[in-house]
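Engineer: Structure, please.
(chains A and B)
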There are 2 protein chains.
Amino acid sequence: MADSIRVFASATVANVACGFDILGFAINEPGDEVILRRCAEPGISITTITGDEGRLPYDTMKNTAGIAVAQFLDHTGITEGVEIELHKKMPLGSGMGSSAASAVAAVFAANKLFRDPLEVQALLPFTMASEGVASGSAHADNAAPSLLGGFILIRSYDPLDIVRIPTPDSLYCTLLHPQIEVLTDDARKILKKHILLKDAIIQWGNVAGLIMGLTTSDYDLISRSMQDVIIEPVRSLLIPGYDAIKEAAIEAGALGCSIAGSGPSIFALNTSMETATTVGEAMQSACSAQGIESELYISPINKNGPRVLE
Amino acid sequence: MADSIRVFASATVANVACGFDILGFAINEPGDEVILRRCAEPGISITTITGDEGRLPYDTMKNTAGIAVAQFLDHTGITEGVEIELHKKMPLGSGMGSSAASAVAAVFAANKLFRDPLEVQALLPFTMASEGVASGSAHADNAAPSLLGGFILIRSYDPLDIVRIPTPDSLYCTLLHPQIEVLTDDARKILKKHILLKDAIIQWGNVAGLIMGLTTSDYDLISRSMQDVIIEPVRSLLIPGYDAIKEAAIEAGALGCSIAGSGPSIFALNTSMETATTVGEAMQSACSAQGIESELYISPINKNGPRVLE
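Structural biologist: Alright, predicted model coming up:
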């Protein structure tokens, strides 16, 4: 048994336009890296955090990586101690599943370190528990795709029911991170508890269309279905220049464009790497026109989940 | 060009548990039969209606068959006259798409009679217009599957976007029609205009699961997804003994069970003809226990749409 392991888990795009709280997919970059070390002393300690500008807690029970590993050890009855190094290689509070990526990397690493006592999918509840601490509610739409790779449907939370959605081979994500911060908690609070039934009907028509489009590689149907009449109209108010950035993406040839997770990041789906790049440049330029700097990521759908490094 | 034509169009199950207003499928029996005759005199007349116990209007502009044919003639610029015989071979006000079946049979017949000036799918708007008169709002979740056959998603009404959903070869419908009447208009009025966002999330998770289950022949996923947390809890109040009938269906082995259209008919989906029959007997018996007589129909999904008779 190795004494240490280094694992990378990727950022994710949750909600995916019409699929609020039920859809998410993983991309290749950016993501988080963890190093886990077994140690004789029982207990978990976080020894190093980099890339967070000092914002993340070293307290194991307040850090998503620590919580996920603690839950894993508790569940499996492993009594050895673990040291965690967390290297954030993606922005916090970006809507790209930052806290989920840390938890997924850490718990995936812990499972590997102790020779796979659990199936990968069985690790999901530990990451969700830790997400509950980070965002105030236990969601899976970032953690599940980061852990399992690919495009994921959370059909139900109670009981948890995870379904893989096949995607076309040629599907590329453009992800723009404007340099402003939207707290997940604020993004949740802005939503209304009640919605119009007629809007819900439009939304679930689009959800059905998106699933059908993805499974049959019908890009036109994917494009027509990438519409969110419920969440986006509210949350986009928190993102300056949102409409202009989205319009730029569509005009540059994106299949669709919407808010990544709770924002402020904005994603677009595209049929080629080339289009994804052109779309990214158009989005970044529209964002600059608002006087807001941004980071840009272009990636195919990541179908593999976390990976062991070295 | 033949002088007359006889066409059968089938009953349909709309909503399909979680898919309120967006999903529907066709079955083989029962359905409506029309005979259309060309005549020298311009204008449309309804000469005979049978099987309606005198309840349907002969006034062309108040009868869904008449309205659909009128719209078709108007659209195509055909100036010849048409006589319509309408033979209802299914119950009215049953939730099985009775008015849609009449409209579909009539407009499909008219198109054939005048040598197919339009593609079949292009006939859909005429049936929707007539449905608007019958139910107070122009829906397509009965008319589209009756006209096109199979399992249909109406992704969007504006613009109209119809998507075929593939279904497993082995999928059989049990349809129970309790001998009570629920008016479509009443069934609409009982619904709340606002719903909880958290319920909508559950619903669109199930919609996504149902589409995925149907396209991949994953019966277990179909079964888990056939849940309606929004419409069924309200509309089932209009159907005496609903919970007991549904429970009987599930216990007898149905994949799922819910209200057909606006009710009072109740449908179940099953993996074999044998199970569909057993389930039907259990449902009918539970319905009898409420002191309510019922009619029972068992059928595979009808993948063909209307058919010309003789």
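Engineer: Can you report how many residues neighbour residue A:143?
Structural biologist: The local packing of residue A:143 (other Cβ atoms under 10 Å in any protein chain shown) involves 34 other residues. Yep, even glycine has a C-beta here, placed from its N, CA and C like the rest.
Engineer: Make sure it is actually in contact with residue A:125.
Structural biologist: No - under the contact definition of Cβ atoms under 8 Å, residue A:143 does not touch residue A:125, with a separation of 9.4 Å.
Engineer: How much space separates residue A:256 from residue B:214?
Structural biologist: Here the criterion is Cβ to Cβ, to the nearest Å. By it, residue A:256 lies 23 Å from residue B:214.
Engineer: Between those two, which is the more surrounded one?
Structural biologist: With neighbours defined as other Cβ under 10 Å, residue A:256 and residue B:214 compare such that residue B:214 has more, 28 against 22.
Engineer: if you average pLDDT over the helix or strand in which the more buried one is found, what comes out?
Structural biologist: With the criterion set as DSSP states H and E, the secondary-structure element containing residue B:214 is helix B:197-215. The predicted model gives helix B:197-215 an average pLDDT of 98.
Engineer: need the next SSE after that helix, C-terminal direction.
Structural biologist: Downstream of helix B:197-215, the next assigned helix or strand under DSSP H and E is helix B:219-225.
Engineer: Contact residues of the stretch 151-300 of chain A facing chain B?
Structural biologist: With Cβ under 8 Å from any Cβ of the partner chain as the criterion, the stretch 151-300 of chain A comes near chain B at residues A:153-156, A:161, A:163, A:165, A:191-198, A:200-212, A:215-216, A:221, A:224-225, A:230.
Engineer: just the helices in the stretch 1-150 of chain A please.
Structural biologist: When secondary structure is read from DSSP state H, counting those that start in this stretch, the stretch 1-150 of chain A shows helices at A:64-76, A:98-113, A:124-135, A:143-148.
Engineer: Pick out the shakiest of those, pLDDT-wise.
Structural biologist: The stretch with the lowest mean pLDDT among the helices of the stretch 1-150 of chain A is helix A:124-135, which comes in at a mean of 78.
Engineer: Show me what stretch A:150-162 is in contact with.
Structural biologist: A:16, A:19, A:21-26, A:121, A:124-125, A:128, A:138, A:140-141, A:144-145, A:148, A:163-167, A:211, A:214, A:301-303, A:305, B:202, B:205-206, B:208-209, B:212, B:221, B:224-225 (Cβ atoms under 8 Å, 6 or more residues apart in numbering or on different chains).
Engineer: is chain A contacted by the helix holding residue B:214?
Structural biologist: Yes - judged by Cβ under 8 Å from any Cβ, helix B:197-215 comes into contact with chain A through B:197-198, B:200-209, B:211-212, B:215.
Engineer: just how off-centre is the top strand by length along chain A within its chain?
Structural biologist: For chain A, the longest strand by residue count, based on DSSP state E, is strand A:23-39. Here strand A:23-39 shows a centroid-to-chain-centroid distance of 11 Å under the convention Cα atoms, centre = their mean, to the nearest Å.
Engineer: Check which helices and strands that strand is in contact with.
Structural biologist: Packed against strand A:23-39, as judged by 3 or more Cβ pairs under 8 Å, 6 or more residues apart in numbering or on different chains; DSSP states H and E, are the following elements: strand A:4-14, strand A:81-89, helix A:98-113, helix A:143-148, strand A:151-157, strand A:172-178, strand A:294-300.
Engineer: in it, what's buried?
Structural biologist: Within strand A:23-39, the residues that count as buried by 16 or more other Cβ atoms under 10 Å in any protein chain shown are A:23-28, A:30-39.
Engineer: Which one of the residues you listed is nearest to chain B?
Structural biologist: Ranked by distance to chain B (Cβ to the nearest Cβ), the buried residues of strand A:23-39 are led by residue A:23 at 7.3 Å.
Engineer: For that closest one, give me its contacts.
Structural biologist: If you count contacts by Cβ under 8 Å, 6+ apart, residue A:23 has them with A:14, A:15, A:16, A:141, A:151, A:152, A:153, A:154, A:165, A:207, A:210, B:208.
Engineer: Alright, calling it a day.
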